[in-house]
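Enquirer: Curious how this folds, go ahead:
(4 chains)
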Protein chains: 2
Amino acid sequence: MPAIVALPCMCASLRRAARALTQLYDDALRPLGLRATQFTVLQALSLAGEVSQGELGQLLVMDSTTLTRTLRILSAQGWIENRPGKDRRERWLRLTSAGHHQLKRATPRWERAQARLRSRLGDARWHELLKVSTEVIGGILESAED
Amino acid sequence: MPAIVALPCMCASLRRAARALTQLYDDALRPLGLRATQFTVLQALSLAGEVSQGELGQLLVMDSTTLTRTLRILSAQGWIENRPGKDRRERWLRLTSAGHHQLKRATPRWERAQARLRSRLGDARWHELLKVSTEVIGGILESAED
DNA sequence: CGGATTTATATGTATATACATCTATTCTGC
DNA sequence: GCAGAATAGATGTATATACATATAAATCCG
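Expert: A predicted model of the protein is given here:
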């Protein structure tokens, strides 16, 4: 096993960690034909309830046009549905019952991946990483204001 | 500015942070026609010296076949060159002088992005995040051994 | 009210990413 | 040394991602 060398660039370091994490979660979810990213969208919709595509993009800090393609895949699987709102430019998204079911089926595997990682990291670093990976975004969005 | 909501999934949280970071660094490097990912490869090669594609993949925790495409772009720009090693399956990679020059040109912009983020985050969290984002990978690779 | 502006999403395009598979090469056991 | 296994990288394919631009709808202002 190669030792993991620190990188001086925060962006490179976080992207690298994200790649490694994605491997772990993708492996866990692969038997269900679900990618980590797709699981994230299902879980986010389950937590957020009915939201517009733009709101989902804000929640995930993801360009809302990027979501167009991912949502199309999830729609094709029958896991989400969308309908126009009063403002007919918007699309309101929610899980279908098949989507709820798929999320439910995937959740134990996701929990095992989380638990495995958490036990390897230790609770302190686990919470630390979860917290800082959320906080760091604020620092970036502030900068972008100007 | 939307408040950033914590996500329960570590993978989702890290991927989201990586997207946000990538925005910041891409914005900083855009005037040079360089993506954050490409900068990462140039910087990694500068730090690592001449390495094979596989070794670079290990350093970045990136599938070495993924590198094939990125390296092609950097080669087309004249920033890297590769030659076969004694083992003729391998490709040994290194920066060209144009590559060194491009890295040098990009470095001040990268440093400003790093400094901006670091001052927003504070030194403690900056170091924390850099450390944990490196350590978390070990936890994953161990799991994958079995 | 109506034209100009803004906004939400879709589409075209380029890069990032991994996996399955393929080819060329090296290594291993005999 | 050779046949079979293992390895390095290339290629095909699918998804992830952002940006520029297009389209449609809403809002603003005179």
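Enquirer: Name the SS class of A:R94, please.
Expert: strand (DSSP: H, G, I helix; E, B strand; the rest coil).
Enquirer: Could I get the contacting residues of it?
Expert: A:R94 makes contacts with A:45, A:49-50, A:80-82, as judged by Cβ atoms under 8 Å, 6 or more residues apart in numbering or on different chains. C-betas here are computed from N, CA, C, even on glycine.
Enquirer: Buried only: go through the residues you listed for me.
Expert: Buried by 16 or more other Cβ atoms under 10 Å in any protein chain shown: A:45, A:80, A:82, out of these.
Enquirer: low-scoring stretches of chain A, by residue?
Expert: A:1-2, A:142-146 (pLDDT under 70).
Enquirer: I'd like the buried ones among the contacts of A:R94 laid out as CSV, including secondary structure.
Expert: Formatted as CSV, the buried ones among the contacts of A:R94 follow (three-state DSSP):
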residue, secondary structure
A:L45, helix
A:I80, strand
A:N82, strand
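Enquirer: which among the residues you listed gets closest to DNA strand D?
Expert: Comparing these against DNA strand D with Cβ to the nearest atom of the strand picks out A:I80 as the nearest, at 12.5 Å.
Enquirer: Up against DNA strand C, what does chain A have?
Expert: Proximity of chain A to DNA strand C, by Cβ under 7 Å from any atom of the strand, involves residues A:15, A:19, A:22-23, A:26-27, A:52-54, A:57, A:64-65, A:67-69, A:71, A:87, A:89-91.
Enquirer: In strands, which of those appear?
Expert: With strands taken from DSSP state E, the overlap with those comprises A:52, A:91.
Enquirer: Chain B next: which of the residues of chain A next to DNA strand C are close?
Expert: Applying Cβ under 8 Å from any Cβ of the partner chain to those, one finds that A:15, A:19, A:22-23, A:27 fall near chain B.
Enquirer: still on that earlier bit, and the buried ones among the contacts of A:R94 as CSV, adding distance to chain B?
Expert: Below are these laid out as CSV (distance: Cβ to the nearest Cβ, whole Å):
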residue, distance to chain B
A:L45, 12
A:I80, 17
A:N82, 21
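Enquirer: does DNA strand D sit close to the longest helix seen in chain A?
Expert: In chain A, taking DSSP state H as the definition, the longest helix is helix A:97-121. No. Helix A:97-121 is not in contact with DNA strand D by Cβ under 7 Å from any atom of the strand; minimum separation 13.2 Å.
Enquirer: Repeat that for stretch A:8-27.
Expert: No. Counting by Cβ under 7 Å from any atom of the strand, DNA strand D is not contacted by stretch A:8-27; separation bottoms out at 7.9 Å.
Enquirer: List the buried residues in that stretch.
Expert: A:9-26.
Enquirer: In chain A, what residue comes closest to DNA strand C?
Expert: Relative to DNA strand C, the nearest point of chain A is A:G54 (2.8 Å; Cβ to the nearest atom of the strand).
Enquirer: A:V41: helix or strand, and which one exactly?
Expert: Using DSSP states H and E, A:V41 falls within helix A:36-48.
Enquirer: From the chain's centroid, how far away is that helix?
Expert: Relative to its chain's centre, helix A:36-48 lies at 6 Å (Cα atoms, centre = their mean, to the nearest Å).
Enquirer: Chain neighbours aside, what residue packs nearest to A:A36?
Expert: A:Y25 (3.9 Å; Cβ to Cβ, 6 or more residues apart in numbering or on different chains).
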